[in-house]
Structures are given as structure tokens and as C-alpha cells.
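Q: Sequence and predicted structure are below.
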Amino acid sequence: MHKVCLGIGGNIGNKQANFQKVFDLIEKDLGKVVLSSSIYETPPWGFHADDAFWNQVLVIETILEAVELLWRITKIEEGFERKRGNERYSSRQMDVDILYFDDDFMETKNLIIPHPRIHERKFVLVPLCEIAPNFKHPLRRLTSLEMLDSCRDDSIIKKVKLS
């Protein structure tokens, strides 16, 4: 059984419904969600958008290997009309990123684990610190809290109050 940390986020459409739907799809197609952070409202990162993002970090347990997991994630994202193309950052209904896969390091054409920009993004680090503050990044050897303390991202991150 593998323990995987996923970052999920989106800024288009009914965010609350999208988050419930992706949570259900993750449990159905990827594995059991064993930890989930609060949902946070965050500004777009790396581009301009009119709508703020919602972001969350989940820890799942899965029997899938990393490449199969990525393939299934891509299928889930396609259900939210996500098209991966040349544009690096854009608005979307839902994005699912593999942040960590056990303590593994992997680099292929389509997948880098751990995610290469975890340490740069408060929208990942804040929810990650909520559920795994002392988890050590396998390559940087820093905890989530240590990475947040040294993060240069000055974005304002606010916890979402769901109705």
C-alpha cells in the first residue's frame, strides 16, 4: 500500500460541487482518503485570473503505482474539462497534482515526484502544514513547516468556510 499526498485545486464553476465530486472520484478511482486539509482560498499563482482558487491537500492510500495513478488522475481531470497543453498555468475546474508518493523520487517525461515546486507555493504548503507539518521532503530534507517558513510566496491564503 502506498501513501500519496495530492494537491487539488480549481477556480472555475461551482467550486464546492467540484471539490465534492473530485473527492468522490479520488476515493472511487485512486484510493482511500485518510487525511484531508481544510480548503483554502488562494490567488492565482503564476498568471492572472479573475476568480480565486480553492486548494486542498489530501493523503490517500493506494495500491496503484505512480504511473498508473497519474494516468487515472488525467482521466479524472478530463472529466472536469482539463486539457493539458502548452499553456503552463491557467484557470480550471479541477487540477490534481501528485505532491509526494511515499518517500520516493521519480523523474520521467510526464511525472516528477516529489512535485518540483512544493517549496515555492503557499497554496500547497499551508494545507500541507495543516495535515503533515513534520513530514520531511525526501530531497530537500526539510519539513513542511520549515519549507513554509522559508517560502518567498507572499500570497494571502484564507480558509474557506463551507455552507
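A: The structure has been received and is ready for your questions.
Q: Now the element after the host helix or strand of residue 4, going C-ward?
A: Using DSSP states H and E, residue 4 sits in strand 2-10. Downstream of strand 2-10, the next assigned helix or strand under DSSP H and E is helix 15-29.
Q: Please spell out which residues along that following helix are buried.
A: Neighbour counts over helix 15-29 (16 or more other CB atoms under 10 Å) mark 15, 18, 19, 21, 22, 25, 26 as buried. Placement of C-beta: from N, CA and C, glycine included.
Q: contacts for that helix?
A: 6, 8, 10, 33, 36, 39, 54, 56, 58, 60, 72, 75-76, 79-80, 93-94, 96, 162-163 (CB atoms under 8 Å, 6 or more residues apart in numbering).
Q: after it comes which helix or strand?
A: Following helix 15-29 toward the C-terminus (DSSP H and E): strand 32-36.
Q: mind listing what residue 104 touches?
A: 66, 113, 138.
Q: So it, which state does it fall into?
A: Three-state call for residue 104 (DSSP: H, G, I helix; E, B strand; the rest coil): coil.
Q: Helices of the chain, start to end?
A: 15-29, 66-79, 122-131, 144-150 (DSSP state H).
Q: Let me see the mean pLDDT of the shortest one.
A: Averaging the model's pLDDT scores along helix 144-150 yields 96.
Q: Dump it to PDB, restricted to CA.
A: Only the C-alpha atoms of helix 144-150 are listed here, as PDB (Å, rounded to 0.1, in the frame of the first residue of the first chain):
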ATOM      1  CA  SER A 144       6.600  21.100   5.600                       C
ATOM      2  CA  LEU A 145       6.800  23.800   8.300                       C
ATOM      3  CA  GLU A 146      10.400  24.500   7.500                       C
ATOM      4  CA  MET A 147       9.600  25.000   3.800                       C
ATOM      5  CA  LEU A 148       6.600  27.300   4.700                       C
ATOM      6  CA  ASP A 149       8.900  29.300   7.000                       C
ATOM      7  CA  SER A 150      11.300  29.900   4.100                       C
END
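Q: any weak-confidence spans in this structure?
A: The chain contains residues with pLDDT under 70 at 47, 82-89, 163.
Q: I'd say residue 160 and residue 38 touch.
A: Yes. Residue 160 is within contact range of residue 38, at 7.1 Å (criterion: CB atoms under 8 Å).
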